[in-house]
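Q: Here is my input, please return the structure:
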Amino acid sequence: MPMVVIARDMTGGARAALAAEGIGAVDGLGNVGLELPGLLVRIQSAARRPRPKSRATLSGKTSLVAQAMLLDTGRAWHVNELAEHAGVSGALAHRVLQRLVDLEIVASHGAGPSKQRRLVEPSALLDLWVEEHRDRSRRHPAFMLASGSEDLAATVCHGLESTEVSYALTGAAAIACIAPILTNVPVVEVWLEGGADPRAVCAEIGADEVTSGPNVVLQQERDDVPLAFRTRRDGAWFANACRMYFDAKRDPQRGQEQAAHLRREAIGF
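A: A predicted model of the protein is given here:
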């Protein structure tokens with residue numbers, strides 16, 4: 001039986017693949033390829049495929065808008081307030097909010113300059129951010145002597161406090177301080193500001209650079225997004241809870257378990 005595929009738009013490759021299988025094709029751009037008993041129609045439209053609308057994917061700077069709302073779930077935001085708090089442009093904050101409103105994750109109230117947005121589905125936003133966010137980090141493995149994982153994390157942070165480098169403890173080591181679940185953390189992960197020299201940092205805190213078997217990993221991003229909304233606790237800097245959750249989920253050594261525990265005990269949604 002003759003077959004025809006009708007679609008809003010098709011690539012030239014898709015049309016060629018269908019033609020090779022003897023299947024007709026018609027798309028909304030005016031392209032037609034029909035070869036049926038007693039009928040042969042081929043039309044190559046000059047119309048261009050419409051460019052898809054850019055989507056405010058929750059990654060990089062865009063993720064700061066999501067994190068700001070996740071860390072203050074009860075607040076109603078004006079666009080400019082949220083943009084200033086997240087350190088992004090008003091246009092970027094507006095695009096993110098519009099997408100989240102369309103997804104019914106954020107609700108809007110009012111109109112004009114007084115219009116406010118409030119997060120109504122924090123769990124959905126956290127899941128969406130974790131799914132879409134991508135780090136372009138540089139990782140620097142190192143080894144440092146310590147009597148245990150708690151002492152190691154404390155020693156690393158103490159060493160970093162004596163430098164002028166901005167940092168944030170994250171992952172399993174940070175969770176062990178805030179919502180302990182494991183007695184042993186094999187690797188301490190720390191975010192450093194993007195402009196820091198990791199070799200100089202290792203030398204200052206007494207760590208040795210290694211290529212295998214690290215117990216300390218120093219990480220950097222050029223735009224310092226992982227340091228956003230860091231908090232001070234017990235004389236050290238910690239990544240915000242959402243960032244800890246994201247980093248823990250990437251940890252292949254029981255990271256999922258620790259992330260789930262942090263979400264229940266500290267994040268709450």
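Q: I'd say Ala228 and Ala66 touch.
A: No - between Ala228 and Ala66 there is no contact, the gap being 10.9 Å when judged by CB atoms under 8 Å. (Glycine included, C-beta is placed from N, CA and C.)
Q: out of those two, which sits in the busier spot?
A: Ala66 (26 against 21; other CB atoms under 10 Å).
Q: Who are the contact partners of that one?
A: Counting by CB atoms under 8 Å, 6 or more residues apart in numbering, Ala66 touches 58, 96, 100, 125, 128-129.
Q: mind checking how far the residue of the chain most remote from its centre is from Phe269?
A: Within the chain, the residue lying farthest from the chain centre (CA atoms, centre = their mean) is Gly38, at 55.2 Å. Separation of Gly38 from Phe269 (CB to CB, to the nearest Å) stands at 63 Å.
Q: Where do the strands of this protein begin and end?
A: 4-7, 24-27, 32-36, 39-43, 76-77, 106-109, 116-119, 138-143, 167-170, 188-192, 208-209, 216-220, 231-233, 236-238 (DSSP state E).
Q: what is the rounded mean pLDDT of the first one?
A: By that I understand strand 4-7. Per-residue pLDDT over strand 4-7 has a mean of 92.
Q: before we move on, what about stretch 253-260?
A: Mean predicted lDDT for stretch 253-260 stands at 83.
Q: how about it: buried residues?
A: The neighbour-count check on stretch 253-260 (16 or more other CB atoms under 10 Å) flags 255, 258-259 as buried.
Q: With stretch 96-109 instead?
A: 96-97, 99-100, 105-106.
Q: And those residues, which is closest to Ser212?
A: Val96 (40.2 Å; CB to CB).
Q: isn't the closest one right next to Ser63, touching?
A: No - contact criterion CB under 8 Å: Val96 and Ser63 do not qualify, at 9.1 Å.
Q: How confident was the prediction at the spatially most central residue of the chain?
A: Centroid-nearest residue in the chain, with CA atoms, centre = their mean: His133, separated by 1.9 Å. pLDDT recorded at His133 is 94.
Q: And it, its phi and psi?
A: His133 adopts backbone torsions of phi -70, psi 140, taken as degrees, to the nearest 10.
Q: so what's the closest residue to Pro113 other than its chain neighbours up against?
A: Once flanking residues are discounted, Pro113 sits nearest to His78: 7.8 Å by CB to CB, 6 or more residues apart in numbering. His78 makes contact with 113-116, according to CB under 8 Å, 6+ apart.
Q: I'd like the distance between Thr163 and Glu209.
A: 16 Å.
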